[in-house]
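**Q** sequence first, predicted model second:
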Amino acid sequence: MKKFNKIIGEIGELKAQKYLKKIRYKIIETNYKNKIGEIDIIAKDREKFVFIEVKNRETLTYGYPSESVEKRKQNKIRKVAELFLLQNKLYDVLCQFDVIEIVGNELNHIRDCF
């Protein structure tokens, strides 16, 4: 089951990347990892760095995918983003945290949500 969920997640991330390119976001990095954790997609929207968590589900049986990005997960993503910015000497830049949720073939981009 874990392998199946990983494949579903990877498919969701590819759909999200395709969508982001379509709306003219520049993909900087995918599956960025550091000692704190991982961010699915780091992109730029003009001069703003956007850190994106992608959640993909086949059905709404367990609720909307975005609901799983609770406070603890949000704080972890923020810390991973902070380290990314420090490691890349990116000081005083605009940042935004988004969630892209995918249910079946429906994609919902929730901008600046935490």
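**A** Looks like it came in fine.

**Q** from Leu86, how far out is Lys35?
**A** The gap separating Lys35 from Leu86 is 12 Å, by Cβ to Cβ, to the nearest Å. Every residue, glycine included, has its C-beta placed from N, CA and C.

**Q** okay, the two: which has more neighbours?
**A** Leu86 (11 against 6; other Cβ atoms under 10 Å).

**Q** quick check, the more buried one in a helix?
**A** Yes - assessed with DSSP: H, G, I helix; E, B strand; the rest coil, Leu86 lies in a helix.

**Q** pLDDT value on it, please?
**A** According to the prediction, Leu86 has pLDDT 97.

**Q** where in the protein is the helix or strand with the lowest mean pLDDT?
**A** helix 2-22 (a mean of 88; mean pLDDT, DSSP states H and E).

**Q** who are the packing partners of it?
**A** When contacts are defined as 3 or more Cβ pairs under 8 Å, 6 or more residues apart in numbering; DSSP states H and E, helix 2-22 packs onto strand 26-33, strand 38-45, strand 48-57, strand 95-103, strand 106-110.

**Q** between those strands, which one is closest to Lys76.
**A** strand 38-45 (9.0 Å; Cβ to Cβ).

**Q** tell me the helices and strands packed up against that closest one.
**A** helix 2-22, strand 26-33, strand 48-57, helix 71-87.

**Q** most tightly packed of the ones you listed?
**A** Among those, judged by mean count of other Cβ atoms under 10 Å, the one packed with the most neighbours on average is strand 48-57 (a mean of 22).
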